[in-house]
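Asker: give me coordinates for this.
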Amino acid sequence: MRKFFYIILLFIPFFWVGCESTTSTTTASSVAKLTAFSFAKVDTLPGLASTVFTVEERLDTGLVWNKDSMLYGTRIDSAVPRFVFAATPGAATLTFPDTVVAITGYDTLDFNKQPIYLTIRSADRSTTKVYEIRVTVHQVDPDLYTWTRLTEAIYPADDSEQRVLELDGAFIMMVSNGFELFAYGSEDGADWMALGNPIGLPGGTKVRQMISDGTTLYLGQGDAIYTSTDALTWTKHTVSAPVYTMLLYWNDHVWALVDNGEGYELATYEDEDLMLTGLQPTDNFPVSDFAAVCFHSSSLRERAMIIGGFAENGQSLNTRWNLEYSTHPLPNGTYRLEEFSIDRPHFTSLTGISVIEYNDQLLLFGGVDDQMQYFGREIFYSVDEGLTWTTTDSTKNQLPEVYQARQKQSAIVRDNNIYLFGGQDKTTTYSDVYKGRLNSIDW
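Answerer: Residues are numbered from 1 along each chain as shown. Now for the predicted structure:
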């Protein structure tokens with residue numbers, strides 16, 4: 001018996017590595033159990049040796065698996081497995097879909113060929129245990145954005161102005177053809193229905209100047225702010241300062257740009273009137289076709305940025321106005337307004353763009369420059385809170401070929417998805433919808 005035992009040791013010496021056995025050297029063990037599994041370090045296959053595997057004991061077939069999938073592109077076609085057993089087995093084999101391998105401790109194997117089963121037979125041949133080995137590698141590129149077109153047309157688009165807003169969890173597209181107003185609604189961005197014709201709004205309504213706080217829509221025009229909770233019935237509220245435009249909903253407030261009698265001033269809409277904030281931008285502040293985005297700064301302060309657009313005199317702007325809230329006292333109370341483009345002037349004049357916060361960066365879509373040149377399917381991004389911008393990797397994040405370059409599209413982020421709605425170019429008004437998502441956004 002002892003001679004036979006030493007023969008087994010010579011045949012599979014690696015089984016002793018990491019083993020803990022209470023069996024004597026004169027009695028063959030009846031234990032068939034795997035306690036640990038890993039991959040040996042291979043310089044040409046980074047990421048293998050650091051992968052952690054869990055061994056689950058079950059009444060029938062045990063399971064060996066890695067809870068955290070390996071990075072996309074990790075090679076497992078030439079991996080060297082390592083096993084730790086509770087006791088030295090009499091035999092151990094790996095069964096692949098196309099072959100059976102008696103493991104030796106020096107095997108180089110292709111773990112893409114799954115399912116894989118490890119069969120352990122105890123030294124005394126009385127016990128057999130089987131484990132399924134699952135090696136998971138992310139099958140999609142985590143840095144890749146996937147884009148799909150949800151609908152080709154919400155309505156038969158003509159030369160109309162449009163804006164999409166969120167209202168009570170639904171998407172609302174407000175449309176004006178210069179004579180009539182229309183409203184369309186959708187729960188998912190794919191299926192749309194006509195809601196009807198809004199009433200109570202003034203003539204010449206600019207739907208692109210509407211904003212939403214999630215439960216109410218707002219439009220500022222002249223000496224009034226108009227509100228609606230259903231997109232169809234609007235109520236007029238006379239206010240104390242003429243409104244140039246609605247800016248955004250930010251930091252639990254509706255913000256507007258107003259005339260304080262001497263020039264521009266930012267105001268918040270509270271208790272059906274405007275409250276002046278003391279924030280007074282210069283004349284190169286936009287009144288139309290700008291982009292507004294809300295986000296948290298690296299210091300966790302509430303921030304908003306108003307980018308590009310047209311000034312009151314019709315000038316195309318390259319400005320980036322930063323609005324910040326702080327709990328610490330500042331010259332203008334708790335808010336501060338700063339023009340980033342003074343220190344960072346290298347920014348193209350842009351109008352009709354859309355900007356969102358996504359994946360801890362700002363993404364910019366569409367628009368035209370001061371020569372009315374359209375940007376293509378390229379997407380710009382900023383990782384420094386709007387100071388500098390560059391184009392995204394076209395192999396990782398670019399709009400589909402069917403997407404036509406345009407301006408005045410609407411962009412909304414919901415449930416980690418990006419939605420782009422409509423827009424127009426020199427000859428066409430679009431009412432299509434695109435949905436984009438970063439593969440790893442919720443991993």
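Asker: surely Gln209 and Phe290 touch.
Answerer: No - assessed by C-beta atoms under 8 Å, Gln209 is found out of contact with Phe290, at 10.0 Å. From N, CA and C alone the C-beta is placed, and that goes for glycine too.
Asker: what about those two, which has more around it?
Answerer: Applying other C-beta atoms under 10 Å to Gln209 and Phe290 shows that Phe290 carries more neighbours, namely 27 against 21.
Asker: hmm, the more buried one is touching Ile307, no?
Answerer: Yes - contact between Phe290 and Ile307 holds when scored by C-beta under 8 Å: they sit 6.2 Å apart.
Asker: how far out from the middle of the chain is stretch 27-43?
Answerer: 41 Å (C-alpha atoms, centre = their mean, to the nearest Å).
Asker: again with stretch 413-421
Answerer: Centre-to-centre, stretch 413-421 and its host chain are 8 Å apart (C-alpha atoms, centre = their mean).
Asker: now do the SS call for Arg208.
Answerer: helix (DSSP: H, G, I helix; E, B strand; the rest coil).
Asker: relative to Gly308, how far out is the nearest residue to it once chain neighbours are set aside?
Answerer: Spatial nearest neighbour of Arg208, chain neighbours left out: Arg163 (4.8 Å); criterion: C-beta to C-beta, 6 or more residues apart in numbering. Going from Arg163 to Gly308 by C-beta to C-beta, to the nearest Å gives 17 Å.
Asker: so for those two, which sits in the more crowded spot?
Answerer: When Arg163 and Gly308 are compared for neighbours, Gly308 comes out ahead with 27 against 23, by other C-beta under 10 Å.
Asker: would you confirm that the more buried one contacts Ser288?
Answerer: No - in this structure, Gly308 is not within contact of Ser288 by C-beta under 8 Å, at 10.5 Å.
Asker: now the longest strand along the chain: average pLDDT?
Answerer: When the chain is parsed with DSSP state E, its longest strand is strand 235-250. The average pLDDT within strand 235-250 is 97.
Asker: okay, now the unreliable bits of the stretch 151-300 of the chain?
Answerer: Scanning the stretch 151-300 of the chain with the threshold set as pLDDT under 70 gives no residue ranges.
Asker: and Tyr218, bridged to which residues?
Answerer: For Tyr218, the beta-bridge partners under DSSP bridges are Ile211, Thr227.
Asker: neighbours of it, how many?
Answerer: 22.
Asker: show me where the stretch 101-250 of the chain has its strands.
Answerer: 116-121, 128-134, 145-151, 161-167, 170-176, 181-186, 193-196, 211-212, 217-228, 235-250 (DSSP state E, counting those that start in this stretch).
Asker: can you pull the buried residues of the helix or strand following the longest one?
Answerer: From strand 235-250 onward toward the C-terminus, using DSSP states H and E, the following helix or strand is strand 253-259. Going by neighbour count (16 or more other C-beta atoms under 10 Å), the buried part of strand 253-259 is His253, Val254, Trp255, Ala256, Leu257, Val258.
Asker: can you check stretch 276-289 too?
Answerer: In stretch 276-289, the ones that count as buried by 16+ other C-beta under 10 Å are Thr277, Leu279, Pro281, Asn284, Phe285, Pro286, Val287, Ser288, Asp289.
Asker: swap in stretch 164-180?
Answerer: By 16+ other C-beta under 10 Å, the buried positions in stretch 164-180 come out as Val164, Leu165, Glu166, Leu167, Phe171, Ile172, Met173, Met174, Val175, Ser176.
Asker: measure stretch 101-110 end to end?
Answerer: 11 Å (C-alpha to C-alpha, to the nearest Å).
Asker: show me where pLDDT drops low in the stretch 1-150 of the chain?
Answerer: Checking the stretch 1-150 of the chain against pLDDT under 70 turns up 1-26.
Asker: try 50
Answerer: Per-residue confidence for the stretch 1-150 of the chain (pLDDT under 50) gives these ranges: 1-24.
Asker: ok, the stretch 301-443 of the chain next?
Answerer: Within the stretch 301-443 of the chain, no range satisfies pLDDT under 50.
Asker: could I get the full set of strands for it?
Answerer: For the stretch 301-443 of the chain, the strands defined by DSSP E, counting those that start in this stretch cover 302-307, 320-330, 333-339, 354-358, 361-365, 380-382, 390-391, 410-414, 417-424, 429-438.
Asker: select, out of the ones you listed, the one closest to Ala92.
Answerer: Closest approach to Ala92 among the strands of the stretch 301-443 of the chain (C-beta to C-beta): strand 429-438, 42.3 Å.
Asker: return the distance of stretch 379-397 from the chain's centre.
Answerer: That offset, for stretch 379-397, works out to 14 Å (C-alpha atoms, centre = their mean).
Asker: what comes into contact with it?
Answerer: Stretch 379-397 is contacted from outside by 141, 143-145, 295, 297-298, 303, 305, 307, 320, 322, 340, 344, 346-347, 360-365, 378, 398-399, 436, 438, using C-beta atoms under 8 Å, 6 or more residues apart in numbering.
Asker: list the buried residues of it.
Answerer: Buried-residue list, stretch 379-397, by 16+ other C-beta under 10 Å: Ile379, Phe380, Tyr381, Ser382, Glu385, Gly386, Trp389, Thr392, Asn397.
Asker: the fifth one and Tyr335, how far apart?
Answerer: As judged by C-beta to C-beta, Glu385 and Tyr335 stand 17 Å apart.
Asker: next: the last one.
Answerer: Taking C-beta to C-beta as the measure, Asn397 falls 33 Å from Tyr335.
Asker: quick one: Asp370 and Ser316 touch, right?
Answerer: Yes - the criterion here is C-beta under 8 Å, and Asp370 meets it with Ser316 at 3.9 Å.
Asker: for those two, indicate the residue with more neighbours.
Answerer: Ser316 (20 against 13).
Asker: quick one: that one and Gln373 touch, right?
Answerer: No - when contacts are counted by C-beta under 8 Å, Ser316 is not listed as touching Gln373 (11.2 Å).
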